[in-house]
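# Predicted model, plus sequence, below.
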Amino acid sequence: MRDRTIRWLYWFSTGLVVLVYLGGAAFYIFLHDMAVGMYENVLHYPAYLVWPLAILKIVGAVVILWRPSAMLADWAYASMFWHLVLAVSAHLAAGDPGWPPAAIT
């Protein structure tokens, strides 16, 4: 592949990841009561986890776009990967049939 094509694919996929994470943070912030209800009633997690997760999703998206250092961006990508794996496992463990969106956001 040409360098320009690789660069375009990189920024396109990076943009999608950032949009998904910013969308998840917006859901946690603007529909806070719904997110808290999901955490408490469906997943049986404490409600205080919603705000830190919203903030960390925003921070991760900013770090990936800004790339202050390659190592920090790699840590942000790794954190997002483990967040998705643990989100899916939490929904599956709780018996929630709505786990596929957790694999994306």
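Good, I have the coordinates. Numbering: from 1, shown residues only.

# For the residue nearest the centre of the chain, give me its contacts.
In the chain, the C-alpha nearest the mean C-alpha coordinate belongs to Y21, at 4.2 Å (C-alpha atoms, centre = their mean). Y21 makes contact with K57, I58, G60, A61, M80, T105, according to C-beta atoms under 8 Å, 6 or more residues apart in numbering. Placement of C-beta: from N, CA and C, glycine included.

# mind checking how far it is from I29?
Y21 sits 13 Å away from I29, going by C-beta to C-beta, to the nearest Å.

# swap in W66?
20 Å.

# Please apply the same query to Y48.
Y48 is 15 Å from I29, where distance means C-beta to C-beta.

# do the same with T14
T14 sits at a distance of 22 Å from I29 (criterion: C-beta to C-beta).

# Name the helix or strand for the residue nearest to the centre of the chain, please.
For Y21, the enclosing helix or strand under DSSP states H and E is helix 3-30.

# In that helix, which residues are buried?
Residues T14, V17, V18, V20, Y21, L22, G24, A25, F27, Y28 are the ones in helix 3-30 that count as buried (16 or more other C-beta atoms under 10 Å).

# residues near the closest residue to the last one other than its chain neighbours, how many?
The spatial neighbour of Y28 that comes closest, neighbours along the chain excluded (C-beta to C-beta, 6 or more residues apart in numbering), is A54 at 3.7 Å. When counting by other C-beta atoms under 10 Å, one arrives at 19 neighbours for A54.
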